[in-house]
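*Asks:* Predicted model and sequence follow; I will ask about them next.
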Amino acid sequence: MSRQNLKRFTQPVGVTLDRFIEKDRSRYPYATGELSQLLRDIALAAKILNRDINHSGLIGIEGVLDSENIQGESQKMLDVIADIRFSRALRIGGETCCIVSEERDEVIYTGNDDAKYVVTIDPIDGSSNVNVNISTGTVFSIFRRKSPTGTTPQQEDILQTGRHQIVGGYILYGSSTMLVYTTGYGVNGFTYEPSLGEFYLSHPQMQIPENGKIYSVNEGNFYDFDQGIRDYLDYCKQQRLSARYVGSMIADFHRNLLQGGIYLYPATQQQPQGKLRLMYECLPLAYIAEQAGGLATNGTIDILDIQPESRHQRSPMIVGSKKMVEKALEIINEK
């Protein structure tokens, strides 16, 4: 074997998620490891769900169940599987006192009342796209509880503003599986290496371009949008921006994070409060966007400043490159 080949085969494989988490603990002088373990629990569930999704065409998990979730939406088999995977991993891990999941009306009390953290999660976003082999995702937030440890978690532990998040993140299941998250010190992305069973740091200190050429919105709802939104979309067309809409929110957001762009899910006549769930869809993505140099708004105020009133509260959202969001607000506010 030549020395050149030897060098090629002995290159460092990179920084694993576990090593990165341990190194990141140095930012928190009072850290005792619970949050690190919680992130590992989420990564474990993501690995298992990644396997399930990759085998979906062979094991038959694309179907629809005869049930609806709290949102009144038909539950896919994958919705239930993902909910079980994450809630089980978080409960057994022991570091979360309760979980708010899109798939359940009730709060999941884990029985770990000594735990310091609350997790809000959409276990699988875009589950219907698995049927046609399109990317899907998981999105989550982690909050530090306010009530004393050792007691039953309270509503105040759950209904916190996005400014109180200590972690916001998502997992994208696509051509590769990526875990992207922030703890308030920038955004880092990790790509899953299935042959080694590890997430490796692949996108350190991610920054969304200040401007972009992509807008992402379901234009099938164009005539249900407020006039200000319609005017902004007309502006996008006049500027010859590219329309790109996957229909999996995480996929659209991830593309715009890397390439620059804006994602809009406005209110409509049928859904004047918006469709996206504030606690476990809007808040984590808004936190990531802000940490990466972007903006997120409901059209009136920053997403992170909204005070939640209920666990499954909905909200409009405009998120993405800073200058694009600012331009959208400028046009919307003219109306």
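*Replies:* Looks like it came in fine. For clarity, every value in this text was computed on a predicted model and none was experimentally measured.
*Asks:* now Gln160, what's its secondary structure?
*Replies:* coil (DSSP: H, G, I helix; E, B strand; the rest coil).
*Asks:* Who are the contact partners of the closest residue to Thr149 other than its chain neighbours?
*Replies:* Closest residue to Thr149 apart from its sequence neighbours, by C-beta to C-beta, 6 or more residues apart in numbering: Asp114 at 5.2 Å. In short, each C-beta sits where N, CA and C put it, glycine included. Applying C-beta atoms under 8 Å, 6 or more residues apart in numbering, we find Asp114 in contact with Cys97, Thr149, Gly150.
*Asks:* can I assume the second one sits in a helix?
*Replies:* Put plainly, it is Thr149. No - counting by three-state DSSP, Thr149 is not part of a helix but coil.
*Asks:* Report how many residues lie close to it.
*Replies:* As a burial measure, Thr149 scores 12 neighbours (other C-beta atoms under 10 Å).
*Asks:* sorry, back to before: I'd guess the residue nearest to Thr149 is in a strand, am I close?
*Replies:* No - applying three-state DSSP, one finds Asp114 to be coil, outside a strand.
*Asks:* before we move on, the earlier item: which one of the contacts of Asp114 is nearest Gly320?
*Replies:* Cys97 (33.6 Å; C-beta to C-beta).
*Asks:* so that closest one touches Tyr117, yeah?
*Replies:* Yes - between Cys97 and Tyr117 there is a contact under C-beta atoms under 8 Å: 6.9 Å.
*Asks:* Which parts of the stretch 101-250 of the chain are helices?
*Replies:* Counting by DSSP state H, counting those that start in this stretch, one finds helices in the stretch 101-250 of the chain at the ranges 155-158, 227-238, 249-259.
*Asks:* Can I get these in CSV including distance to His203 and mean pLDDT?
*Replies:* Formatted as CSV, the helices of the stretch 101-250 of the chain follow (distance: least, C-beta to C-beta, whole Å; pLDDT from 0 to 100):
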stretch, distance to His203, mean pLDDT
helix 155-158, 31, 96
helix 227-238, 27, 97
helix 249-259, 8, 97
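*Asks:* just so I know, which of these lies nearest Pro316?
*Replies:* The nearest among the helices of the stretch 101-250 of the chain, by C-beta to C-beta, is helix 227-238 at 9.0 Å.
*Asks:* Which strands and helices lie in contact with the closest one?
*Replies:* If contacts are counted by 3 or more C-beta pairs under 8 Å, 6 or more residues apart in numbering; DSSP states H and E, helix 227-238 sits against helix 322-333.
*Asks:* about what we covered before: compare Cys97 and Tyr117 (neighbour count), which wins?
*Replies:* Comparing Cys97 with Tyr117 by other C-beta under 10 Å, the one with more neighbours is Cys97, at 26 against 22.
*Asks:* Now that one: which helix or strand?
*Replies:* Counting by DSSP states H and E, the element that carries Cys97 is strand 96-101.
*Asks:* So which residues make contact with that strand?
*Replies:* 38, 83, 86-87, 90-91, 107-110, 112-123, 142, 145, 149, 153, 157-158, 279-280, 311.
*Asks:* which residues sit in contact with Pro153?
*Replies:* Counted by C-beta under 8 Å, 6+ apart, Pro153 has contacts Cys97, Cys98, Val107, Tyr109, Asp113, Val118, Arg145, Ser147.
*Asks:* which one of these sits closest to Lys213?
*Replies:* Among these, and counting by C-beta to C-beta, the member closest to Lys213 is Val118, at 38.3 Å.
*Asks:* Now that that closest one has come up, it's in contact with Phe143, right?
*Replies:* Yes - using C-beta under 8 Å, Val118 is in contact with Phe143, at 4.6 Å.
*Asks:* and for the two, which residues touch both?
*Replies:* Asp157, Ile158.
*Asks:* about what we covered before: from Glu334, how far off is the residue nearest to Thr149?
*Replies:* With distances taken as C-beta to C-beta, to the nearest Å, Asp114 is found 53 Å from Glu334.
*Asks:* Going through the contacts of strand 96-101, which ones are buried?
*Replies:* By the neighbour-count criterion of 16 or more other C-beta atoms under 10 Å, the contacts of strand 96-101 include these buried positions: 38, 83, 86-87, 90-91, 107-108, 110, 112-113, 115-123, 142, 145, 153, 157-158, 279-280, 311.
*Asks:* Please flag which of those residues sit within strands.
*Replies:* Among the buried ones among the contacts of strand 96-101, the members falling in strands are Ile108, Tyr117, Val118, Val119, Thr120, Ile121, Asp122, Pro123, Ile142 (criterion: DSSP state E).
*Asks:* tell me the domain ranges of this protein?
*Replies:* 17-206, 214-333 (automatic domain parsing).
*Asks:* Quick one: neighbours of Ile106, just the number.
*Replies:* One correction, residue 106 is Glu, not Ile. Glu106, neighbours per other C-beta under 10 Å, totals 9.
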